[in-house]
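Undergrad: Fold the following and give me the result.
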Amino acid sequence: MMSQIIGFKTSDTIYDTQTASELKIEGEPIYFDNSPDSLAIMRHTCAHLMAEAIKSLYPEAQFFVGPVVEEGFYYDFRVNYKIGEEDLAKIESKMKEIAKKGEQITKYHLPRQEAIEKFKGDDLKQAVISRIPQGDGTLSIYSQGDFEDLCRGPHLPTLKLLNAFKLTKIAGAYLGGDEKAEMLVRIYGIAFADKESLNQYLRQMEEAKKRDHRKVGTEMELFTFDEEIGAGLPIWLPKGARLRRNLEKLLTKALIQRGYEPVRGPEILKSAVWKTSGHYSNYGENMYFTTIDGVEYGIKPMNCVGHIKVYQSTLRSYRDLPLRFYEYGVVHRHEKSGVLHGLLRVREFTQDDAHIFCRPSQIATEVENIIDFTKKIMDSFNFSYEMEISTRPEKSIGSDEVWEEATQALKNALETCNIPYKIDEGGGAFYGPKIDIKITDAIGRKWQCGTIQIDMNLPERFKLEYTDESNSSKQPVMIHRAILGSFERFIAILTEHFGGEFPFFIAPTQIIIIPLGEAQESYAKELRNQLLNINVYAEIDSKNETLNKRIRNAEKQRVPMIVVLGEKEEKERIIAIRDRRDKKQSTMGFDEFIKFSKEKMREVSF
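TA: Residues are numbered from 1 along each chain as shown. Down below sits the predicted model:
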């Protein structure tokens, strides 16, 4: 089975064997294996298998759409019966039963009007048809056993190939993503070419549950959410704020060393500037607006306009360039409630944002410097990463020539740095192409993180200028750059990457000091004060509890180092250390321990 051809690929389009035969397409063969193209075909088919099983168990069920997504596949449907997590095993069992029969999958076409008539009385199918462009005169339908559905494909030739799948979760989903529309049932699933790959994925998901930043963040008291405040608006608790501050301090030091200057723009700007920038028409649905003294204002979703105004605050010469401005800028975006997810998807977040204004001839060097900066940060946290260039989307501004020049500059920089890259056609920002930084965490999951974007359009829209060597006015290039992406998202990723076992240099509490009795509390305070002087955060646990319980409490908080101070330690001015990371116990002199702690803070530099 693993060597069976299930489709063909031409350029970036995947065709199943039926469609390829129908259109007489000859392309690169797609084999039944765990390649991305193969998984897309089998997971789409598995979505239809799930729908057939649901229809068999709940005959009144009506179906909307069932696409392949990054985490597998899903189907949205309506059913009279209340389906819960406990029903997934029953549906999955029916799927296995159907798959064993090996039903063939066939494709046929109907004129649009006949399709409308065929699905008369099924408003969900009518909604699907209404979303298909009018230019498509005939609509394709895939059929298997007693189930069929409107679908473009691609699909496997038979259900018999599906033997390694799992339904993963159930959720609610608004019809067409419209929060004012009906709530449908959505069931997610995953599928692979073989059971070994499925089991490996399931093991990874079990590990991911243990590391879930929402769970770990609650246990470690890093952050919280409050319905009285509002969904998607994180509240940083003291430990989380310390963690974030440690990250900011490391980043700030590195930025200053690299010639960046701090700036700060307002969080609310007149809508007129958002219209000039293009955000109003291209990004307005993701923004919040209000009216003050009869004038409309928009809360910023990005920091770029504020930085443009910093650039415009004085005349600029070619001798000033490149100018590198950075801001830990708080932004707000109108995310739908259904996509909010802990710190990973929120409505308010802080970007580690920077904008570089430079001459066209300086683009390559600046991008190379950003790539080097990125490498140092990712290496510090033991992340592997890859780069992807995203090109012009359908909804965009600017001329083809400008886009081509900017895209080529990104390619040249990556090639100069000997970094392989992928191309995401049409995935760029509306104002320019970009490099997306995708990192892989400790359990093999990929995360979209930072970005580098070349922008020749906003400088033109805001008429930015500098004077060149011959005293002529020239337009600078603007580079948008965020390496972490946002502090919220990056901390969520870090939390899951380390399972809350943060490295010493950013841990919210680096050392817990446990005095065994009241006589040692003065010594504990002296040690804590010395540690605070070298920017090492230490807490004293002098609760009236046993030593073992206090040690267990410190370990639950995932504190890297525990110090126990008894009569002997106080008298001899020594420190008894339990290193949680190295699983070692040792003893040091007071001054030696301070020096040791200071060195641990210096272990990493961006």
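Undergrad: so where's the stretch 251-400 of the chain shaky on pLDDT?
TA: Counting by pLDDT under 70, the stretch 251-400 of the chain shows no low-confidence range.
Undergrad: make it 90
TA: Within the stretch 251-400 of the chain, the set of residues satisfying pLDDT under 90 comprises 282, 336-339, 360-361, 363-364, 384-385, 393-400.
Undergrad: So which elements touch the helix or strand residue 548 falls within?
TA: Mapping residue 548 onto the secondary structure by DSSP states H and E places it in helix 547-556. With contacts taken as 3 or more Cβ pairs under 8 Å, 6 or more residues apart in numbering; DSSP states H and E, helix 547-556 sits against strand 511-515, strand 561-565. Glycine gets a C-beta too; all of them are placed from N, C-alpha and C.
Undergrad: how about a markdown table for these, with mean pLDDT and distance to residue 315 added?
TA: Shown next, in a markdown table, are those (pLDDT from 0 to 100; distance: least, Cβ to Cβ, whole Å):
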| stretch | mean pLDDT | distance to residue 315 |
| --- | --- | --- |
| strand 511-515 | 96 | 52 |
| strand 561-565 | 95 | 53 |
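Undergrad: quick one: which of the ones you listed is nearest residue 35?
TA: strand 561-565 (45.5 Å; Cβ to Cβ).
Undergrad: That closest one vs helix 547-556, what angle?
TA: 160 degrees (axes from the mean of the first three to the mean of the last three Cα atoms, to 10 degrees).
Undergrad: how about the helices in the stretch 251-400 of the chain?
TA: Assigned by DSSP state H, counting those that start in this stretch, the stretch 251-400 of the chain shows helices spanning 271-277, 279-282, 304-311, 363-380, 400-416.
Undergrad: ok, back up a step: return the alpha-carbon coordinates of the helix holding residue 548 using CSV.
TA: Extracted as CSV, the C-alpha positions of helix 547-556 are listed here (Å, rounded to 0.1, in the frame of the first residue of the first chain):
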residue,chain,number,x,y,z
LEU,A,547,11.9,20.6,55.2
ASN,A,548,10.6,17.8,52.9
LYS,A,549,7.3,19.6,52.3
ARG,A,550,9.1,22.9,51.6
ILE,A,551,11.4,21.2,49.1
ARG,A,552,8.4,19.5,47.4
ASN,A,553,6.7,22.9,47.1
ALA,A,554,9.8,24.4,45.5
GLU,A,555,10.0,21.5,43.1
LYS,A,556,6.4,21.9,42.1
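Undergrad: So which bits of that helix are buried?
TA: Neighbour counts over helix 547-556 (16 or more other Cβ atoms under 10 Å) mark 550-551, 553-554 as buried.
Undergrad: about what we covered before: tell me which of the helices and strands packed on helix 547-556 sits nearest to residue 76.
TA: Checked against Cβ to Cβ, the stretch from the helices and strands packed on helix 547-556 lying closest is strand 511-515, at 48.7 Å.
Undergrad: Show me what that closest one is packed up against.
TA: helix 521-533, strand 538-540, helix 547-556, strand 561-565.
Undergrad: Quick one, which of these gets closest to residue 36.
TA: Nearest to residue 36, of the helices and strands packed on strand 511-515 and by Cβ to Cβ, is helix 547-556 at 40.2 Å.
Undergrad: For that closest one, report the contacting residues that lie outside it.
TA: 219, 512, 514, 516, 541, 543, 545, 562, 564, 578, 580 (Cβ atoms under 8 Å, 6 or more residues apart in numbering).
Undergrad: again, 7 Å this time
TA: Residues outside helix 547-556 that contact it (Cβ atoms under 7 Å, 6 or more residues apart in numbering) are 512, 514, 516, 541, 543, 562, 580.
Undergrad: ranking the helices of the stretch 251-400 of the chain by burial, who's on top?
TA: helix 304-311 (a mean of 20; mean count of other Cβ atoms under 10 Å).
Undergrad: So which elements touch it?
TA: Counting contacts by 3 or more Cβ pairs under 7 Å, 6 or more residues apart in numbering; DSSP states H and E, helix 304-311 packs against strand 323-332, strand 348-358.
Undergrad: Adjacent strands (with direction) for the longest one?
TA: Put plainly, it is strand 348-358. strand 323-332 (antiparallel), strand 477-482 (antiparallel) (DSSP bridges).
Undergrad: from these, which stretch is densest packed?
TA: Highest mean neighbour count of the strands paired with strand 348-358: strand 477-482, a mean of 24 (counted as mean count of other Cβ under 10 Å).
Undergrad: And it, how far out from the chain middle?
TA: Per Cα atoms, centre = their mean, to the nearest Å, the displacement of strand 477-482 from the mean C-alpha position of its chain is 20 Å.
Undergrad: what's the angle between that strand and helix 304-311?
TA: Using the same axes, to 10 degrees: strand 477-482 against helix 304-311 is 130 degrees.
Undergrad: residues in contact with strand 477-482?
TA: 304, 351-358, 360, 363, 366, 370, 450-456, 458-459.
Undergrad: With stretch 520-528 instead?
TA: Applying Cβ under 7 Å, 6+ apart, the contact partners of stretch 520-528 are 513, 515, 538, 540, 542, 565-566, 570.
Undergrad: Could you identify the most distant pair in those residues?
TA: Pairwise distances across these (Cβ to Cβ) peak at 17.3 Å, for the pair 538 and 566.
Undergrad: So for those two, which residue has more residues nearby?
TA: residue 538 (20 against 16; other Cβ atoms under 10 Å).
Undergrad: Who does the more buried one form a beta bridge with?
TA: residue 511.
Undergrad: That one against residue 530, yeah?
TA: No. Counting by Cβ atoms under 7 Å, residue 538 does not reach residue 530; the two are 9.0 Å apart.
Undergrad: okay, and for the stretch 451-600 of the chain, where does confidence drop off?
TA: 454-457, 518, 544, 555-556, 580-584.
Undergrad: Can you tell me the element residue 90 falls in?
TA: In this assignment (DSSP H and E), residue 90 forms part of helix 88-101.
Undergrad: Name the nearest residue to residue 452, ignoring sequence neighbours.
TA: Leaving out its chain neighbours, the residue that sits closest to residue 452 by Cβ to Cβ, 6 or more residues apart in numbering is residue 435, at 4.3 Å.
Undergrad: just how off-centre is whatever helix or strand that neighbour lives in within its chain?
TA: Element membership for residue 435 (DSSP H and E) is strand 434-440. Strand 434-440 sits 10 Å away from the centroid of its parent chain (Cα atoms, centre = their mean).
Undergrad: Fine by me, thanks again.
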